[in-house]
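K.L.:
The amino acid sequence is not available; the structure is as follows:
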């Protein structure tokens, strides 16, 4: 039988990636040793190197899979047609849900670009750019149709992504607000920021110039 | 003559802090060795330990001075009275200008809270809370006076701080936009996000419920 999802090999690889993301998020990539990681997973260091020949290969895999999963999640959630407001709302909801569920790999992805070789950095930055381009396209379309009041789609996309990803810094499940409440609140802020009219409740903004 | 600002000792200490922030921002706190830092500054390791007995002392000093300087900069810029909109604008301008000028120590401050001892972490978090409280107070005052449409001052403060600090991730002087243009754009986004009416140009927002 060929190796399938759920095989021991795949389970080990998933365990390695999970432990590596946690160790790197807590101590930083450079400070994490492969020996420490092997201990954490409960395998021999030699076994670890069968999955990931180098530590940088492991970092690159984490970052690539993080971005590929983010793009895939968005493609699954993206409304087929719909107005820019509905598409922006879907983008915000997916972005927050994805990052809340992957705090460690988000921290690693945001902090360790510095640790990639130039070739691998280029691959990750291309994935990021493709994802950000989706948001920029929504913002531009909304600005052109008059649904949004956006002065600079590129700048607004960066501002929104940083604001939305920032949720993971302080949000913890079970505290004052639920994930659904936080998402609703960030949706309202996003819609106000882009000058959109919310369909239910919220604020309406109109351009004055 | 007593040691004054500009003395050799003070110059060395400033050089150590600057080099440490740069090394930590590039490689992470745990990966930075005091020997490497001494080489970078051009002093003996023994000299380094006279200024900073431990590496964590150095990290703590960087983070404490970062936050103290941020609070001091805001106190110098804060309008004495004024409406919430003018105070929020001053907050945004000061926050962006401060962080653009201190990219390395901002990265260290954001990434290395994990590396502080519990006692020192408490000191830094108190400074952060005091700073964030200034923004929350402006937002609350604006919400109460009807100048802003803010649902949750705490959440909005976190969202704004992360959006504004995020500028340092992508902003580089001499590229497409000047610091003044970026600041103006972020000011417009901030004012829309909080549902404020801009006095000159920009967008006007009114609540619909």
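P.N.:
Perfect, I can see it now. Nothing here was measured: the structure is a model prediction, and the numbers come from that model.
K.L.:
need the helices for chain A, in chain order.
P.N.:
A:8-27, A:34-41, A:45-51, A:55-77, A:84-101, A:103-111, A:118-145, A:153-165, A:167-170, A:179-193 (DSSP state H).
K.L.:
quick one, the first one and helix A:34-41 angle?
P.N.:
Think helix A:8-27. Calculated by axes from the mean of the first three to the mean of the last three CA atoms, to 10 degrees, helix A:8-27 forms an angle of 120 degrees with helix A:34-41.
K.L.:
now what about helix A:8-27, what contacts it?
P.N.:
Helix A:8-27 has contacts (CB atoms under 8 Å, 6 or more residues apart in numbering or on different chains) with A:3-4, A:32, A:36-37, A:40-41, A:43, A:47-48, A:51-52, A:58-59, A:61-62, A:65, A:103-105, A:107-108, A:111-112, B:28, B:30, B:114. For the C-beta atoms, the positions are set from N, CA and C on the backbone; glycine is no exception.
K.L.:
Swap in 7 Å and give it another go.
P.N.:
Helix A:8-27 has contacts (CB atoms under 7 Å, 6 or more residues apart in numbering or on different chains) with A:3, A:32, A:36-37, A:40-41, A:43, A:48, A:51-52, A:58, A:61-62, A:104-105, A:107-108, A:112, B:30, B:114.
K.L.:
And the fifth one, by the same measure?
P.N.:
Outside of helix A:84-101, the residues that reach it under the criterion CB under 7 Å, 6+ apart are A:70, A:73-74, A:77-79, A:106, A:135, A:138, A:141-142, A:145, A:147-148, A:164-165, A:167-168, A:171, A:179, A:183, A:186-187, A:190, A:194, A:196.
K.L.:
hmm, try it at 8 Å
P.N.:
So helix A:84-101 is contacted by A:69-70, A:73-74, A:77-79, A:82, A:106, A:134-135, A:138-139, A:141-142, A:145, A:147-148, A:160-161, A:164-165, A:167-168, A:171, A:173, A:179, A:182-183, A:186-187, A:190-191, A:194, A:196-199 (CB under 8 Å, 6+ apart).
K.L.:
Let me know the average pLDDT across stretch A:99-106.
P.N.:
Per-residue pLDDT over stretch A:99-106 has a mean of 95.
K.L.:
Quote the end-to-end distance of that stretch.
P.N.:
End-to-end distance of stretch A:99-106 (CA to CA, to the nearest Å): 6 Å.
K.L.:
I'd like to know how many residues surround the closest residue to residue A:74 other than its chain neighbours.
P.N.:
In space, and not counting its chain neighbours, residue A:74 is closest to residue A:94: 5.3 Å by CB to CB, 6 or more residues apart in numbering or on different chains. Applying other CB atoms under 10 Å in any protein chain shown, we find 18 residues neighbouring residue A:94.
K.L.:
ChimeraX command to pick out the buried ones of the contacts of helix A:8-27?
P.N.:
Selection of buried members from these for ChimeraX, criterion 16 or more other CB atoms under 10 Å in any protein chain shown:
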select /A:32,37,40,41,43,48,51,52,58,61,62,104,105,107,108,112 /B:30
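K.L.:
still on that earlier bit, now the helices of chain A as TSV including distance to residue B:129?
P.N.:
Putting those into TSV (distance: least, CB to CB, whole Å) gives the following:
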stretch	distance to residue B:129
helix A:8-27	23
helix A:34-41	33
helix A:45-51	41
helix A:55-77	31
helix A:84-101	23
helix A:103-111	21
helix A:118-145	31
helix A:153-165	20
helix A:167-170	12
helix A:179-193	19
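K.L.:
which of these is buried the deepest?
P.N.:
helix A:153-165 (a mean of 22; mean count of other CB atoms under 10 Å in any protein chain shown).
K.L.:
do it and chain B meet?
P.N.:
Yes - Helix A:153-165 lies within reach of chain B by CB under 8 Å from any CB of the partner chain, at A:155, A:156, A:158, A:159, A:160, A:161, A:162, A:163, A:165.
K.L.:
and the first one, what does it touch?
P.N.:
The neighbourhood of residue A:155, defined by CB under 8 Å, 6+ apart, consists of B:177, B:182, B:185, B:186.
K.L.:
Give me the pLDDT value at it.
P.N.:
pLDDT, residue A:155: 95.
K.L.:
Check the last one too.
P.N.:
At residue A:165, the predicted lDDT confidence score is 96.
K.L.:
Quick check: it touching residue A:107?
P.N.:
No - taking contacts as CB atoms under 8 Å, residue A:165 lies outside contact range of residue A:107: 10.1 Å.
K.L.:
quick one: the closest residue to residue A:102 other than its chain neighbours from residue B:112, how far?
P.N.:
In space, and not counting its chain neighbours, residue A:102 is closest to residue A:66: 6.8 Å by CB to CB, 6+ apart. From residue A:66 over to residue B:112 the distance is 21 Å, taken as CB to CB, to the nearest Å.
K.L.:
again, but for residue A:99
P.N.:
For residue A:99, the distance to residue B:112 - CB to CB - is 21 Å.
K.L.:
Check residue A:82 too.
P.N.:
42 Å.
K.L.:
try residue A:122
P.N.:
Taken as CB to CB, the span from residue A:122 to residue B:112 is 27 Å.
K.L.:
next one: residue A:9
P.N.:
36 Å.
K.L.:
Could you do residue A:123 as well?
P.N.:
Taking CB to CB, one finds residue A:123 at 27 Å from residue B:112.
K.L.:
didn't residue A:64 look like it was pressed against residue A:125?
P.N.:
No - counting by CB under 8 Å, residue A:64 stays clear of residue A:125, with 11.4 Å between them.
K.L.:
Domain ranges for chain A, per the record?
P.N.:
A:1-53, A:55-193 (automatic domain parsing).
K.L.:
worst average pLDDT in those?
P.N.:
domain A:1-53 has the lowest average pLDDT among the domains of chain A, namely a mean of 88.
K.L.:
Tell me the gap between it and the middle of its chain.
P.N.:
Relative to the centre of its chain, domain A:1-53 is centred 21 Å away, using CA atoms, centre = their mean, to the nearest Å.
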